[in-house]
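Quick one: sequence and predicted model below, then my questions.
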Amino acid sequence: MTRADLSKSPRDVAAMFDGVARGYDRTNAVLSVGNAALWRIATVRAVDPQKGERVLDIAAGTGTSSAALAKSGAEVIALDFSPGMVEEGRKRHPDLMFVQGDAEKLPFADGEFDAVTISFGLRNVQHPQVALAEMHRVLKPGGRVVICEFSRPPLGVLRAGYHAYLRHVMPLIAGAASSNPDAYTYLFESIREWPAQPELAQWLREAGFERVGYRNLTFGVVALHRGRTPDSTAH
């Protein structure tokens, strides 16, 4: 496709990410003004992976987040829909297990994982609620989910400034830093159209998660959502 839209056709989204795989991490670091690394640290802390646990990292891209999670000693599976991202990830992190797969049809059995996480990928899924249900399915009882995603700054003045940055500044940076600026045009639009924090929290509850909560990072530009599957030992 020549210009990304919000139809989120799985084939088009995969092709879009194939085209930016090699320079993806570098471009993200530039566009986030260095905050991407801080958001990743916060996400790893929220997941709190432990040695011996199995963790699924969905929309793992080139594996930067997966590698950070694996430092704990947990077994981390890096899943991404884009063949280009998976290929690049395997080159960069040969010690990690990469799987090409669809977040809406996870290629795993029920109750396989202690934790599931997805960073900046849920809004690129065609049917996010279906993906949340799949995350719930592959988690063990008492398993935890952590979603790091762009969100809406609650303060109007910050929200207006952020949207101006998305609309006017980011396209210029992406044009200079990315091999496929059209892909980032799609990403900007998807950020703008994504629901606010309370709505995503409600989606988690509807998927069956308990103890759902969220906290804002960088004044709400990004939000960390958390939840747990019901613990079968609870009475």
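All right, it came through fine.

I'd say residue 196 and residue 151 touch.
Yes: between residue 196 and residue 151 there is a contact at 6.7 Å, judged by Cβ atoms under 8 Å. Just so you know, the C-beta spots here come from the backbone N, C-alpha and C atoms, and that holds for glycine as well.

Which one of these two is surrounded by more residues?
Neighbours per residue, other Cβ atoms under 10 Å: of residue 196 and residue 151, the larger number sits with residue 151, 23 against 14.

Spatially nearest residue to the more buried one, not counting backbone neighbours?
Among residues not flanking residue 151 along the chain, residue 223 sits closest, at 3.8 Å (Cβ to Cβ, 6 or more residues apart in numbering).

And for residue 35?
residue 218 (5.6 Å).

likewise residue 58?
residue 118 (4.1 Å).

Tell me which residues touch that neighbour, please.
For residue 118, the contact set (Cβ atoms under 8 Å, 6 or more residues apart in numbering) comprises 57, 58, 59, 103, 131, 135, 147, 148, 149.

Mind listing the strands the host helix or strand of residue 145 pairs with, and their directions?
In this assignment (DSSP states H and E), residue 145 forms part of strand 139-150. Partner strands and pairing direction for strand 139-150 (DSSP bridges) are strand 113-119 (parallel), strand 222-228 (antiparallel).

And the average pLDDT for it is what?
If you average the pLDDT over strand 139-150, you get 96.

What separation is there between the residue nearest the centre of the chain and residue 151?
Centroid-nearest residue in the chain, with Cα atoms, centre = their mean: residue 119, separated by 2.1 Å. Note on residue 119: its distance to residue 151, by Cβ to Cβ, to the nearest Å, is 13 Å.

and what of residue 86?
Residue 86 is 27 Å from residue 151, by Cβ to Cβ.

cool, and residue 131?
Relative to residue 151, and taking Cβ to Cβ, residue 131 is found at 17 Å.

just residue 51 next, same as before
Counting by Cβ to Cβ - residue 51 and residue 151 are separated by 31 Å.

same thing with residue 39?
Counting by Cβ to Cβ - residue 39 and residue 151 are separated by 11 Å.

repeat for residue 93
Separation of residue 93 from residue 151 (Cβ to Cβ): 28 Å.

burial count for residue 82?
Residues near residue 82, counting by other Cβ under 10 Å, number 25.

do the same with residue 201
Residue 201 has 20 neighbouring residues, counting by other Cβ under 10 Å.
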